[in-house]
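Participant: Predicted model and sequence follow; I will ask about them next.
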Amino acid sequence: MDNENYTVVPDEEELPPAKRPWQKEAADWIISIAIAVVLALIIRNYVFTFVNVNGSSMTPTLTHGDILYVNRFMYTPKVGDIVILKPPVDPGRHYVKRVIATSGMTVDINPITHDVSVDGKILDEEYITGKTTEQGRAVSYPYTVKEGEVFVMGDNRNPGGSSDSRSIGPIPDKNIEGKVIFRIFPISQIGSVYKK
């Protein structure tokens, strides 16, 4: 029998695991973290977000310290919605207000009865703290909301209770960040912020 040299190759299972350089491991982690951050930003900016209420402009519906779940995905403002917005006069801040009228609707505040009406119909506003005694100076009444705008008001209609369309004017649709869906804190009041 001839003498031949044979090399024995172990089964794949017996091969030691290949060592990965630490640079490749670090790059994988950085890419994973970057993807997670981008996805989180997309969700926060375009799908939903959480908002902490600061102030009393929406009392009694919302109170200082409430945490709200806000839908941002394909949202179009509707009358009665509670929305998060950036006022044109102060775009660095977020306000929470109620939509009173959308484009084409006419808002009026009666200076004697203090009733708010839209298209001639007095609103049944069981959610407000009291009558709307201030008309504000931002618009002249009756006021017809222009295309691409909404008229918003806070539920706290006491003098000085809310900075809204009465004092800062109508809000462009593009400044509406989303609709408040429900309250998640405090736990004792978790659920919808809309009366049925």
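Facilitator: Alright, I've got the coordinates.

Participant: Could you report the neighbour count for K86?
Facilitator: Neighbour count for K86, taken as other CB atoms under 10 Å: 17. All C-beta spots, glycine's among them, are computed from the backbone N, C-alpha and C.

Participant: Pretty sure R93 is one of the things it touches, is it not?
Facilitator: Yes: between K86 and R93 there is a contact at 7.1 Å, judged by CB atoms under 8 Å.

Participant: Give me the distance between the two termini of stretch 68-76.
Facilitator: This stretch, stretch 68-76, spans 18 Å end to end (CA to CA, to the nearest Å).

Participant: Under the pLDDT cut-off, which ranges of this structure? List them.
Facilitator: Within the chain, the stretches with pLDDT under 70 are 1-20, 39-48, 196.

Participant: go again using 80 as the cut-off
Facilitator: Flagging of the chain using pLDDT under 80 yields the residue ranges 1-29, 32, 34-50, 73, 195-196.

Participant: which residues of it fall in helices?
Facilitator: Remark: helices assigned in the chain by DSSP state H are 22-46, 165-168.

Participant: and G120, how far is that from D108?
Facilitator: 8 Å (CB to CB, to the nearest Å).

Participant: and these two? which has more neighbours close in?
Facilitator: Higher neighbour count among G120 and D108: D108, with 17 against 8, using other CB under 10 Å.

Participant: Identify the bridge partners of that one.
Facilitator: S117 (DSSP bridges).

Participant: Just to check, it is in contact with V139?
Facilitator: No: between D108 and V139 no contact is recorded; they are 10.4 Å apart, counting by CB under 8 Å.

Participant: In the chain, which strand is the longest?
Facilitator: What stands out as the longest strand in the chain, according to DSSP state E, is strand 176-185.

Participant: ok, and what's touching that one?
Facilitator: Strand 176-185 has contacts (CB atoms under 8 Å, 6 or more residues apart in numbering) with 48-51, 62, 65-72, 75, 77, 81-86, 94, 96, 150, 189-193.

Participant: Which positions in it come out as buried?
Facilitator: I176, E177, G178, K179, V180, I181, R183 (16 or more other CB atoms under 10 Å).
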